[in-house]
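A.B. asks: The following block contains a protein sequence and its predicted model.
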Amino acid sequence: MSVTTHKTFCRFCHAYCAIEVDVEDGKPIEVRGDVEDPVYGGYTCIKGRQLPEQYTTPARISKSLKRMPNGEFEEIDTNQAMDEIAEKVKQLMDDHGARSIATYVGSYGYQNSAALVIPKAWHKSVGSPSYYTSVTIDQPARHIASSRLGAWGGGTHKFTDADVCMMIGNNPVVSQFTPFGGPPPFSPYARLRDEMKKGMQVIVVDPRQTEVANRSTHFLQVNPGEDVPFLAGFVRQILKEGLHDHEFCAAHMEGLEELEASVEPYTPEFVAERCGIEVEDFLEAVRVFGNAERGVVVGGTGPNMAPHGILIEHFIQTLNFICGRVNKEGEVVPNPGMISAPATRRGEVHPPWPAYGVGPKSRVRGLGEVFGEMPTAALNDEILLEGEGQVKALFCLGGNPMVAFPDQDKTKEAMEKLDLLVCVDLYMSATAKLADYIIAPTISLERDDMTILTDTWYDVPYAHYTKAVLPRNEQSREEWEIYWELSHRLGVPIDLPGGPLDPENRPTKYEALKLCTAGSRINIDEMREKGKGHLYEEVEVRVEPAREDRDAKFQLMPEGVADEIAEVFSENNRVDGKIIDDGKEFTHLMISRRLKHVFNSSGQQLSNLQKKGTTNPAYMNPADLEEMGIRSGELVEITGAYGMLVGVAEAAKDVKRGVISMAHAWGDIPGNWGDVREKGSSTNRLIDDHKTYDPITGQPRMTAIPVNVRHIREDAA
């Protein structure tokens, strides 16, 4: 048969690279970047180029599976599976209430453009607050910090044409993500190169000399877990040297004097000592950033996973605002969102809003709903804790809790305690192995999608609607369709912005998306007609004057911030060269990272990506390994205050002495030590969720974890 070529976008991760797919006999045979796309210009990464193998691999679950009484899985018709699942859900809701039914949307589920809106609408309809996503265990701090500080109606500066960009624990050339103002994750190497040719100064602050650090003009290799001292000292020095925007601060800030007093102890000498950097390098970075006209500081997943994550994000946003790095009256808003509803953008402060402390409460640790969803770090306990409100059923959409949730042993206990575990998973993941039902998912090339998730990530007015490239596997279901199936069988309405989802006749993906995006700036039909990514250059939104009756100000010192700043200053976790944690002594700090050839636990199953590595090495400084008599490739036991794992040592000069760098979301169910070279190890075995957690988000300490490391023999693993 002849080969046909289709324009679409990749959904292996959240970068959504515009691609062309060659299809022969109903199968994808080649993927390449779409050179005609106005944003991506032909960029694609090694993961996206493996989409043909994702379609054909024998590891793919293409027929739904049911766990039988003997523990083995057998194929089951998907309609029959949904009949049985719906019956069980009804019984559990009748016996235990709607709260007993929970959903977890993982990172892979996020890549389906209807997999957030529709499940959440179903939960609202049945009255279950038990809706969880991966955001509350990797980047919740940014949302909470904004809700306490306030936001600027005109938005912050974009990356393009900025004078400076400072990244705190962010490595977008590997993670393919950065908050707005950092290097767009769409061909990040090229974007960095182009802006640096114009003269942009790039400041990178990270415990590891990352790929983006290698391209920076200023790199500060700080000690893990010391982002707060660095940023507090940075704010102090900006104010001391008068590098802030005096006029903007006078008009829009409340608490500036209190902030200045709180950070006063964070002198350059103190920062240098705590962070392990030179005073001169620190001051140079302050002056480069402070003297710039345009450009912002952004964070990443690492700082959000670290101790004091909300305070870190508070300082990041505070720095941008006190330096006036915002779009002011009359300036163009780079991208007001093409799929978002149109709204007037004004040069005024949006006052703090209640993103936490309202809504449903968790039954554990005094936690509660944060920005409209429950904290994922509490889900295991919500399953294990007996009594009213106990979670009895979990729908896992494109997620892998066994290697994503804190405290892996507790996670396994929780998954096994469920009366019903349903996984929508492309592979037999560690979590799917424990499921009662595994529903075969519709893969990205088999479905329509649009760039809802990344709508405001672009710094230009861009959007992309793609139609399905491949015929659909009739036994598969999209993540959102699970909830239509339940609605269809149980008579539960699903109300969306554009109206209810038809409970009787299965809607197409286009029909579902039209309801989800009702009121968008650019109509879905216009995007769909384009058939490719498009730059809507006719859309120009400028920052309008502030309204006369609006006088809100940024709250630089919300309740508790002054106390936390003082607490961090007084912290002393090192005694005689040892790190003290929970009364125990440790020699190293483990930090999180990502690997370019996988997206969390996705991609580890594909042969071409396996050639890049089948484990998550324990990267250590060569001098540390030599001192301990450990060679690259040998096994090491890594022990923290709350758990232990086995890893494969690997020398890496980019890692500071006293630091171990390992990627998260690897490994299998507990007890897989002998498979560590083939499956890796879950770093979450070192994470507790009951002592070192944020009291607002429940976010546990998932990086800068004190550990000891020792060599072990192969036969002891």
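C.D. replies: All right, it came through fine. Not measured: the values here are computed from a predicted model. Numbering: from 1, shown residues only.
A.B. asks: Which residues in stretch 25-43 does the neighbour count mark as buried?
C.D. replies: P28, V31, G33, D34, D37, V39, Y40, G42, Y43 (16 or more other CB atoms under 10 Å). Backbone N, C-alpha and C define where each C-beta goes, glycine included.
A.B. asks: Then stretch 605-625?
C.D. replies: 605-606, 609, 613-621, 624-625.
A.B. asks: Can you list which of those are found in strands?
C.D. replies: The members of the buried residues of stretch 605-625 that map onto strands under DSSP state E are A618, Y619, M620.
A.B. asks: hang on, the second one packs against A663?
C.D. replies: No - here Y619 does not reach A663: they are 9.1 Å apart, not a contact under CB atoms under 8 Å.
A.B. asks: Contact partners for R528?
C.D. replies: Y465, K467, Y510 (CB atoms under 8 Å, 6 or more residues apart in numbering).
A.B. asks: Ranking by neighbours, what's the top pick from those residues?
C.D. replies: Y465 (28 neighbours; other CB atoms under 10 Å).
A.B. asks: Can you tell me the element the residue lying closest to that one once chain neighbours are set aside falls in?
C.D. replies: Excluding the flanking residues, the one nearest Y465 by CB to CB, 6 or more residues apart in numbering is M527, at 3.9 Å. M527 belongs to helix 524-530 when assigned by DSSP states H and E.
A.B. asks: Same question for that helix: list its buried residues.
C.D. replies: I524, M527, R528.
A.B. asks: From these, pick the one nearest Q221.
C.D. replies: Q221 lies nearest to M527 out of the buried residues of helix 524-530, by CB to CB, at 43.9 Å.
A.B. asks: mind checking how far that closest one is from F230?
C.D. replies: 42 Å (CB to CB, to the nearest Å).
A.B. asks: go on, E413?
C.D. replies: 38 Å.
A.B. asks: before we move on, the earlier item: now for the buried residues of stretch 25-43: which two are most distant?
C.D. replies: Longest span within those, CB to CB: P28 and V39, 22.5 Å.
A.B. asks: C-terminal to the longest helix seen in the chain, what's the next element?
C.D. replies: Looking across the chain with DSSP state H, the single longest helix is helix 78-96. Per DSSP H and E, the first helix or strand lying C-terminal to helix 78-96 is strand 101-105.
A.B. asks: tell me what that following strand is packed against?
C.D. replies: helix 78-96, helix 117-126, strand 131-133, helix 379-384, strand 393-397 (3 or more CB pairs under 8 Å, 6 or more residues apart in numbering; DSSP states H and E).
A.B. asks: got the angle between the longest one and strand 101-105?
C.D. replies: What it means is helix 78-96. Angle between the axes of helix 78-96 and strand 101-105 is 130 degrees (criterion: axes from the mean of the first three to the mean of the last three CA atoms, to 10 degrees).
A.B. asks: what are the phi and psi values for G647?
C.D. replies: phi -130, psi 170 (degrees, to the nearest 10).
A.B. asks: What number of neighbouring residues does it come out with?
C.D. replies: Neighbour number of G647 under other CB under 10 Å is 27.
A.B. asks: That one and E382: what is the separation?
C.D. replies: G647 is 31 Å from E382, by CB to CB.
A.B. asks: before we move on, what about I669?
C.D. replies: I669 is 21 Å from E382, by CB to CB.
A.B. asks: neighbours of the nearest residue to A121 once chain neighbours are set aside, just the number please.
C.D. replies: Excluding the flanking residues, the one nearest A121 by CB to CB, 6+ apart is I494, at 5.0 Å. Using other CB under 10 Å, I494 is surrounded by 27 other residues.
A.B. asks: still on that earlier bit, model confidence for the residue nearest to Y465, exactly?
C.D. replies: On the pLDDT scale, M527 is placed at 97.
A.B. asks: show me what contacts it?
C.D. replies: M527 touches M338, I339, M450, A463, H464, Y465, H534, counting by CB under 8 Å, 6+ apart.
A.B. asks: Tell me if I'm right that the last one and P38 touch.
C.D. replies: Yes - applying CB under 8 Å as the test, H534 and P38 come out as touching, 7.4 Å apart.
A.B. asks: of I669 and E382, who's got more company?
C.D. replies: Using other CB under 10 Å as the criterion, I669 and E382 rank with E382 on top: 23 against 20.
A.B. asks: any idea how far S602 is from the more buried one?
C.D. replies: 26 Å.
A.B. asks: Okay, now the unreliable bits of the chain?
C.D. replies: Counting by pLDDT under 70, the chain contains low-confidence ranges at 1, 672-674, 716-717.
A.B. asks: And it, what are its domain boundaries?
C.D. replies: 65-138+384-441+476-517, 141-328+344-350, 575-716 (automatic domain parsing).
A.B. asks: got those as CSV, with distance to A378 columns?
C.D. replies: Output for the domains of the chain, formatted as CSV (distance: least, CB to CB, whole Å):
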stretch, distance to A378
domain 65-138+384-441+476-517, 9
domain 141-328+344-350, 15
domain 575-716, 5
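A.B. asks: related to what we said a few turns ago, of all the helices and strands packed on strand 101-105, which one is nearest G48?
C.D. replies: Per CB to CB, nearest to G48 of the helices and strands packed on strand 101-105: strand 393-397, 21.1 Å.
A.B. asks: which SS class is K412?
C.D. replies: Under DSSP: H, G, I helix; E, B strand; the rest coil, the three-state class of K412 is helix.
A.B. asks: Let me see the contact set for it.
C.D. replies: Here K412 is in contact with M402, L434, I669, P670 (CB under 8 Å, 6+ apart).
A.B. asks: tell me the phi and psi of the closest residue in space to T692 that isn't next to it in sequence?
C.D. replies: Nearest residue to T692, sequence neighbours excluded (CB to CB, 6+ apart): R701, at 4.0 Å. Dihedral pair for R701: phi -70, psi 110, per degrees, to the nearest 10.
A.B. asks: Could you verify my assumption that R701 touches H308?
C.D. replies: No - counting by CB under 8 Å, R701 stays clear of H308, with 9.6 Å between them.
A.B. asks: The two: which has the busier surroundings?
C.D. replies: In this view R701 and H308 are compared by other CB under 10 Å, and R701 has more residues nearby, 25 against 22.
A.B. asks: who's in contact with the more buried one?
C.D. replies: R701 neighbours (CB under 8 Å, 6+ apart): M305, A306, P307, I687, D688, T692, Y693.
A.B. asks: what's the most buried one of the helices and strands packed on strand 101-105?
C.D. replies: strand 393-397 (a mean of 27; mean count of other CB atoms under 10 Å).
A.B. asks: other SSEs contacting that strand?
C.D. replies: helix 78-96, strand 101-105, strand 420-424.
A.B. asks: Give me the secondary structure label for F321.
C.D. replies: F321 - assigned by three-state DSSP - is helix.
A.B. asks: State the distance from it to P493.
C.D. replies: 42 Å.
A.B. asks: When these two are compared, which one has more neighbours?
C.D. replies: F321 (25 against 12).
A.B. asks: leaving aside the residues next to it on the chain, what's closest to the more buried one?
C.D. replies: F554 is the one closest to F321 (CB to CB, 6+ apart), at 5.5 Å.
A.B. asks: Spit out the contact partners of that neighbour.
C.D. replies: Contacts of F554 (CB under 8 Å, 6+ apart): L149, G150, H252, M253, E254, T318, F321, V349.
A.B. asks: Can you give me the distance of it to G127?
C.D. replies: Applying CB to CB to F554 and G127 gives a distance of 37 Å.
A.B. asks: cool, and G242?
C.D. replies: Taken as CB to CB, the span from G242 to G127 is 55 Å.
A.B. asks: the more surrounded of these two?
C.D. replies: G127 (11 against 8).
A.B. asks: can you map out the helices along the stretch 401-550 of the chain?
C.D. replies: 401-404, 408-417, 481-490, 509-516, 524-530 (DSSP state H, counting those that start in this stretch).
A.B. asks: Contacts only, for the nearest residue to S682 once chain neighbours are set aside.
C.D. replies: Of all residues not flanking S682 in the chain, G667 sits nearest, at 3.5 Å (CB to CB, 6+ apart). Contacts for G667 (CB under 8 Å, 6+ apart) come out as M402, V403, Q408, A430, N616, L645, V676, K679, G680, S681, S682, R685.
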